[in-house]
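**Q** quick one, what's the 3D model for this:
(chains A and B)
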Amino acid sequence: SQTIHQWPATLVQPVGSPLSLECTVEGTSNPNLYWYRQAAGRGLQLLFYSVGIGQISSEVPQNLSASRPQDRQFILSSKKLLLSDSGFYLCAWSGHVGGNTEAFFGQGTRLTVV
Amino acid sequence: GNSVTQMEGPVTLSEEAFLTINCTYTATGYPSLFWYVQYPGEGLQLLLKATKADDKGSNKGFEATYRKETTSFHLEKGSVQVSDSAVYFCALSGGGSNYKLTFGKGTLLTVNP
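**A** Next up, the predicted model:
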């Protein structure tokens, strides 16, 4: 069965420090991968998605970047965190079948920038 | 582009009450529709889905019917429990935007004993 791992679960970082959040998927190959952010309130904002190794699409201009060095690994990074980067970050994967398929989410990372 | 509109709530009900959370969508083509649930401090879990018009998705007493004529996918449950307290998200994928999921803003449900 497929599983998705995301870590760390919580993170407190000072303003201006770098960030690296990692997400890995097991039990499937060539997944679509996504990073979402859930800021104060409940809405989900799609930050990045990837359909293959080295292929990253950004949905909104921001202080963050994403990379996909391996098929089932997706990394969210920042060189210098801002206070506004605080939030709940969720990694997700989906299959490719017909483009109509659900996404499966990791447990999330609660990032607090202080 | 694709969009999802759902009632934002919050919704507060007593245990065993009937639940409806409205969801309507705009999409090109033939999207798949989903309801996700998020319990406090956790990621999203798929609750149910429907992949074509008139399909009914159901799980854990929840159900929703894909209505193409009204572009709706309302979530219902006949008798809610305290353990149903969570945030519920309506979402779609496919259609003009292919694989990307588009989410509504979420509805906070609180069920009191």
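**Q** OK, contacts around residue B:36?
**A** Going by C-beta atoms under 8 Å, 6 or more residues apart in numbering or on different chains, residue B:36 touches A:105, B:44, B:45, B:46, B:47, B:88, B:89, B:91, B:103. The C-beta positions use only the backbone N, C-alpha and C, and glycine is treated the same way.
**Q** which one of these is nearest residue A:44?
**A** Comparing the contacts of residue B:36 against residue A:44 with C-beta to C-beta places residue B:103 closest, at 4.6 Å.
**Q** tell me how far the closest one lies from chain A.
**A** 5 Å (C-beta to the nearest C-beta, to the nearest Å).
**Q** so what's the closest residue to residue B:7 other than its chain neighbours up against?
**A** Ranked by C-beta to C-beta, 6 or more residues apart in numbering or on different chains and with sequence neighbours excluded, the top spatial neighbour of residue B:7 is residue B:22, at 4.8 Å. For residue B:22, the contact set (C-beta under 8 Å, 6+ apart) comprises B:6, B:7, B:72, B:74.
**Q** mind redoing it with 7 Å?
**A** Contacts here follow C-beta atoms under 7 Å, 6 or more residues apart in numbering or on different chains; on that basis residue B:22 touches B:6, B:7, B:74.
**Q** next one: residue A:4
**A** A:23, A:25, A:91, A:93, A:104, A:106.
**Q** follow-up on the earlier one: now render the contacts of residue B:22 as TSV, adding neighbour count, pLDDT and secondary structure.
**A** Shown next, in TSV, are those (neighbours: other C-beta atoms under 10 Å in any protein chain shown; pLDDT from 0 to 100; DSSP: H, G, I helix; E, B strand; the rest coil):
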residue	neighbour count	pLDDT	secondary structure
B:6	23	94	strand
B:7	18	88	coil
B:74	18	98	coil
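**Q** nearest to chain A among those residues?
**A** Using C-beta to the nearest C-beta, residue B:6 is the member of the contacts of residue B:22 that lies nearest chain A, at 10.6 Å.
**Q** show residues contacting the helix or strand residue A:110 falls within.
**A** In this assignment (DSSP states H and E), residue A:110 forms part of strand A:109-113. The contact list for strand A:109-113 (C-beta under 7 Å, 6+ apart) reads A:6, A:8-13, A:15, A:21, A:81-83, A:85-89.
**Q** direction included, what does it pair up with?
**A** strand A:10-13 (parallel), strand A:87-94 (antiparallel) (DSSP bridges).
**Q** so which of those strands is the most packed in?
**A** Among these, strand A:87-94 has the highest mean neighbour count (mean count of other C-beta atoms under 10 Å in any protein chain shown), at a mean of 23.
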